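# Using only what follows, build the 3D model:
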Amino acid sequence: MQKVNILCIGKIKEKYFAQAIDEYAKRLQAFCKLRIIELAEEKIRGNNPNPAQIAEVLQAEGKRIMQKISPSDYVIALCIEGKLRTSEELAGTLNTLAVTGRSTVDFVIGGSYGLSDEVKAAADEKLSMSRMTFPHTMARMILAEQIYRAYEIASNGKYHK
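Modelled structure (predicted):
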């Protein structure tokens, strides 16, 4: 059974997002072993951080992310400059990875300032959910739904219309 990790910065504070993510995680049990790995969000001083402070945050968060990624994992970094894909294309990617022996897929969601260049460079693929910007907590919920949809598509399930 394929392992899917969602590595993310920060915790979900909104109960409604957490409930939706839990529902998709429950549904995914039939298709994969899903783990959501929450990493601490780096604290930043002041309300208006300068570029150097933001770079520091990205570097510290990136280091924690990289420690959780195994060299054999297929890494998909979620970032605005990533490739836009359809749900069917995501299903195809997960299916291809499974049949070619890539048993662990890591989806990486950054914090408020995104992902470090190091994490993006280490990724096998960069994925954009949209050209719009979403809060990272909402992105986690949308990603969980899309992973579920992808497995449903691959198994010719009824969920995807």
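# switch to C-alpha atoms for all contacts and neighbour counts from now on
Will do.
# Tell me the secondary structure at the residue in the chain sticking out farthest from the centre.
Within the chain, the residue lying farthest from the chain centre (CA atoms, centre = their mean) is Gly46, at 27.9 Å. Look at Gly46: counting by DSSP: H, G, I helix; E, B strand; the rest coil, its state is coil.
# Next, report how far the longest strand out of those in the chain is displaced from the centre of its chain.
Secondary structure assigned by DSSP state E gives strand 74-84 as the longest strand of the chain. Distance of strand 74-84 from the chain centroid (CA atoms, centre = their mean, to the nearest Å) equals 9 Å.
# Show me the strands in the protein, by range?
So, for the chain - with DSSP E - the strands run 2-9, 32-39, 74-84, 104-109, 125-128.
# out of the ones you listed, deepest packed?
strand 104-109 (a mean of 24; mean count of other CA atoms under 10 Å).
# how much space is there between Ala123 and Leu78?
10 Å (CA to CA, to the nearest Å).
# Hmm, I typed the wrong one, I wanted Ser70.
18 Å.
# How about Glu145?
15 Å.
# same deal with Ser72?
Taking CA to CA, one finds Ser72 at 19 Å from Leu78.
# same thing with Val108?
From Val108 to Leu78 the distance is 6 Å (CA to CA).
# With Leu28 instead?
With CA to CA as the criterion, Leu28 and Leu78 are 20 Å apart.
# Could you do Glu89 as well?
For Glu89, the distance to Leu78 equals 15 Å [CA to CA].
# Then Met132?
13 Å.
# Ile65 contacts Ile37, correct?
No: with contact defined as CA atoms under 8 Å, Ile65 does not count as touching Ile37 (9.5 Å).
# Verify the stated contact: Leu34 with Ile21.
No: using CA under 8 Å, Leu34 is not in contact with Ile21; the gap is 11.1 Å.
# Which residue, other than its chain neighbours, is closest to Tyr159?
Leaving aside its sequence neighbours, Tyr159 sits nearest to Glu152 (CA to CA, 6 or more residues apart in numbering; 6.3 Å).
# what's the answer for Ile21, then?
In space, Ile21 is closest to Met141, 5.3 Å off (CA to CA, 6+ apart).
# Would you mind putting the CA coordinates of stretch 144-153 into PDB?
C-alpha atoms of stretch 144-153 as PDB (Å, rounded to 0.1, in the frame of the first residue of the first chain):
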ATOM      1  CA  ALA A 144      -6.400  16.000   1.300                       C
ATOM      2  CA  GLU A 145      -9.600  16.200  -0.800                       C
ATOM      3  CA  GLN A 146      -7.600  16.100  -4.100                       C
ATOM      4  CA  ILE A 147      -5.500  13.100  -3.000                       C
ATOM      5  CA  TYR A 148      -8.800  11.300  -2.100                       C
ATOM      6  CA  ARG A 149     -10.300  12.300  -5.500                       C
ATOM      7  CA  ALA A 150      -7.100  11.000  -7.300                       C
ATOM      8  CA  TYR A 151      -7.400   7.600  -5.700                       C
ATOM      9  CA  GLU A 152     -11.100   7.500  -6.500                       C
ATOM     10  CA  ILE A 153     -10.300   8.300 -10.100                       C
END
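# No more questions from me, cheers.
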